[in-house]
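A.B. asks: no FASTA, just this:
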Ligand SMILES: Cc1cc2nc3c(=O)[nH]c(=O)nc-3n(C[C@H](O)[C@H](O)[C@H](O)COP(=O)(O)OP(=O)(O)OC[C@H]3O[C@@H](n4cnc5c(N)ncnc54)[C@H](O)[C@@H]3O)c2cc1C
């Protein structure tokens, strides 16, 4: 696997690429920033936040130090605010597909949307892997993906006036059903049973709209697609009463949730244990020098998959990256409370900051 010279000429040069914008990947930006290192962050999801946003945005978290309680969403909002000062590149909705070590010790990194990076280090904060939508697995479904079958709504305007079928029983399915009920030509919600995982208030609203005849709900499972001239025309649905019905449509939206896939990370030549990346606990470096792994994706004796463990790991990984990029120079620990240099990097001090030389003298061992 190698990137052509021509492609790498177009690459963004950076100190570190962080794979994953979950809570740990975001805090990694902060720890690198304190050491004066710039990071580019890439995530396959269209939003930052990893599991906190995808799996439990409104649930309370009680074990973040000094934050007695906050929701998943609030935690991510606070992390986002905390790293804003370091202005990281955030590249969302694309997977990191290639990480190729170069002879000069740097890395060529590529994403599924064709972005290229020339990075001094790569830090994998990939959690349980890249979240992928659960796809409809009937014959021909992949042919219509992006044209008449959708797993995400990128632009709701394209559904105005159309006959829609929405599959699913969770929050996304119900939210979009309610959102589009009055904008679409028609909406049929199909779920395999009459119990929903969505918020009870949304379910109640949906049932009320059914009563008013503004949308239809059907209990059933899609059996096959019906095409006409290559276009998706209708679905054959096995209904709860055992009868197979034809439901015609213009557009199909599938919200069956997301499932994590280790994906391309498995191909980067790293030593794995089951689906986790083995690291040392001093530097959180993987079996490939210059590639680090922090957060839920790594494995070492005593590992606990907690956000606070991931935060600790990012601090040590940042020091290791700094040492790698400045070989032979000792990287000293400084306090944000007292270090003018750190405060200047944080943008919180009006004072003239210390130079890199002063950083190394005004230190705590
Ligand atoms: C229901 C639930 C409740 C929880 N409650 C708590 C709690 O109370 N306290 C606690 O400490 N922990 C809790 N956790 C665990 C916590 O959410 C995880 O420890 C934390 O999210 C790990 O953060 P991370 O950044 O390592 O990974 P993640 O949050 O999983 O983020 C990883 C990101 O990497 C991206 N990614 C992966 N591969 C690629 C790739 N190749 N290219 C681009 N992007 C990629 C993914 O899309 C994802 O966004 C809970 C988990 C769940 C499911």
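C.D. replies: Nice, thanks for sending it over. None of these values were measured; they are calculated from a predicted model.

A.B. asks: doesn't residue 234 make contact with residue 246?
C.D. replies: Yes: Residue 246 lies in contact with residue 234 (Cβ atoms under 8 Å); the separation is 5.0 Å. Bear in mind the C-beta positions are built from the backbone N, C-alpha and C, glycine included.

A.B. asks: so in terms of bridging, what pairs with residue 259?
C.D. replies: Counting by DSSP bridges, residue 259 forms beta bridges with residue 132.

A.B. asks: likewise for residue 92?
C.D. replies: In this entry, residue 92 is beta-bridged to residue 43, by DSSP bridges.

A.B. asks: for it, what are its contacts?
C.D. replies: Contacts for residue 92 (Cβ atoms under 8 Å, 6 or more residues apart in numbering) come out as 21, 42-43, 45-48.

A.B. asks: got these as a markdown table, with distance to residue 207 columns?
C.D. replies: Converted to a markdown table, these look like this (distance: Cβ to Cβ, whole Å):
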| residue | distance to residue 207 |
| --- | --- |
| 21 | 37 |
| 42 | 41 |
| 43 | 36 |
| 45 | 31 |
| 46 | 30 |
| 47 | 29 |
| 48 | 34 |
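
A.B. asks: so which of those reach the ligand?
C.D. replies: For the ligand, the contacts drawn from those by Cβ under 6 Å from any ligand atom are 21, 42-43, 45.

A.B. asks: closest one of those residues to residue 87?
C.D. replies: Closest approach between those and residue 87, by Cβ to Cβ: residue 21, at 14.5 Å.

A.B. asks: I'd guessed the closest one sits against residue 43; true?
C.D. replies: Yes: the criterion here is Cβ under 8 Å, and residue 21 meets it with residue 43 at 3.8 Å.

A.B. asks: is the ligand within reach of the longest helix belonging to the chain?
C.D. replies: Criterion DSSP state H: the longest helix present in the chain is helix 307-325. Yes: Helix 307-325 is in contact with the ligand by Cβ under 6 Å from any ligand atom, via 307-308, 310.

A.B. asks: what's the ChimeraX line that selects buried ones from these?
C.D. replies: For the buried members of these, the matching ChimeraX selection, counting by 16 or more other Cβ atoms under 10 Å, is:
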select :307,310
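
A.B. asks: so which residues of the stretch 101-250 of the chain form strands?
C.D. replies: Along the stretch 101-250 of the chain, the stretches classed as strands by DSSP state E, counting those that start in this stretch are 107-111, 116-124, 130-133, 149-150, 163-167, 186-191, 216-228, 231-239, 244-248.

A.B. asks: tell me what the fifth one is packed against?
C.D. replies: This points to strand 163-167. Other elements packing on strand 163-167 under the criterion 3 or more Cβ pairs under 8 Å, 6 or more residues apart in numbering; DSSP states H and E are helix 171-180, strand 186-191, strand 251-254.

A.B. asks: give the intersection of the neighbour lists for residue 246 and residue 234.
C.D. replies: residue 226.

A.B. asks: these two: who's more crowded?
C.D. replies: residue 234 (18 against 10; other Cβ atoms under 10 Å).

A.B. asks: which strand residues bridge the more buried one?
C.D. replies: residue 226, residue 248.

A.B. asks: what sits up against stretch 170-180?
C.D. replies: By Cβ under 8 Å, 6+ apart, the residues outside stretch 170-180 that reach it are 153, 156, 159, 164, 166-168, 187, 189, 191, 196-199, 202-203, 205-206, 209, 215, 253, 255-257.

A.B. asks: in contact with the one residue in the stretch 101-250 of the chain that gets nearest to the ligand, which residues are there?
C.D. replies: Relative to the ligand, the nearest point of the stretch 101-250 of the chain is residue 127 (1.8 Å; Cβ to the nearest ligand atom). For residue 127, the contact set (Cβ under 8 Å, 6+ apart) comprises 20, 22, 24, 50-51, 260, 295-297.

A.B. asks: most widely separated two among those residues?
C.D. replies: 24 and 260 (14.6 Å).

A.B. asks: so in the chain, where's the weakest helix or strand by average pLDDT?
C.D. replies: For the chain, using mean pLDDT, DSSP states H and E, the weakest element among its helices and strands is helix 356-361, scoring a mean of 37.
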